[in-house]
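> Give the three-dimensional model of this entry:
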Amino acid sequence: MTTTGTSPLTADLPALEQELRLLARRNRWLALWAAGRLGLTAVEREAYARRIVQAEFEEPGDLDILRLVLGDLVAAGVETSEIELRAALADAERRARAELGA
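The predicted structure is shown next:
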């Protein structure tokens with residue numbers, strides 16, 4: 001039997017791709033914010049941003065990213081709070097949505 005149109009598995013592919021781009025962009029902005037707080041050089045900031053973006057694909061969800069960034073800030077002796085970190089995440093998401101037109 002032949003059918004036309006898209007399969008249920010691929011019907012939401014563009015939406016999924018957009019969501020993944022949004023998460024990657026959001027996590028990059030969060031990482032760059034944290035890198036600034038950590039006093040990293042430009043090269044170190046880029047490497048840190050790649051590391052944080054990659055972490056999303058290893059364990060999906062916001063908690064792992066927040067835990068990772070907070071751990072890095074605390075380990076470096078940078079004063080921060082979960083509230084400040086969540087505010088930075090929200091700001092990063094707004095910036096990512098604006099960039100992607102989402």
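> ok now the lengthiest helix in the chain, how far from the chain's centre?
Identified as the longest helix of the chain according to DSSP state H is helix 13-38. Taking C-alpha atoms, centre = their mean, to the nearest Å, one finds the center of helix 13-38 at 3 Å from the center of the full chain.
> for the protein, what spans make up the strands?
Assigned by DSSP state E, the chain shows no strands.
> And the residue nearest the centre of the protein?
Among the residues of the chain, Asn27 comes closest to the average C-alpha position under C-alpha atoms, centre = their mean, at 1.7 Å.
> Would you mind measuring from that one to Glu79?
Going from Asn27 to Glu79 by C-beta to C-beta, to the nearest Å gives 22 Å. From N, CA and C alone the C-beta is placed, and that goes for glycine too.
> before we move on, what about Ile52?
20 Å.
> So between the two, which is more surrounded?
Of the pair Ile52 and Glu79, Ile52 is the one with more neighbours under other C-beta atoms under 10 Å, namely 22 against 8.
> Just give the nearest non-adjacent residue to the more buried one, would you?
Distances taken as C-beta to C-beta, 6 or more residues apart in numbering place Ala31 nearest to Ile52, at 3.7 Å, with adjacent residues excluded.
> May I ask you to confirm that the one you found is in contact with Ala47?
No - checked against C-beta atoms under 8 Å, the pair Ala31 and Ala47 is beyond contact range at 9.7 Å.
> These two - which one has more neighbours?
With neighbours defined as other C-beta under 10 Å, Ala31 and Ala47 compare such that Ala31 has more, 27 against 14.
> which residues sit in contact with that one?
45, 48-49, 51-53, 69 (C-beta atoms under 8 Å, 6 or more residues apart in numbering).
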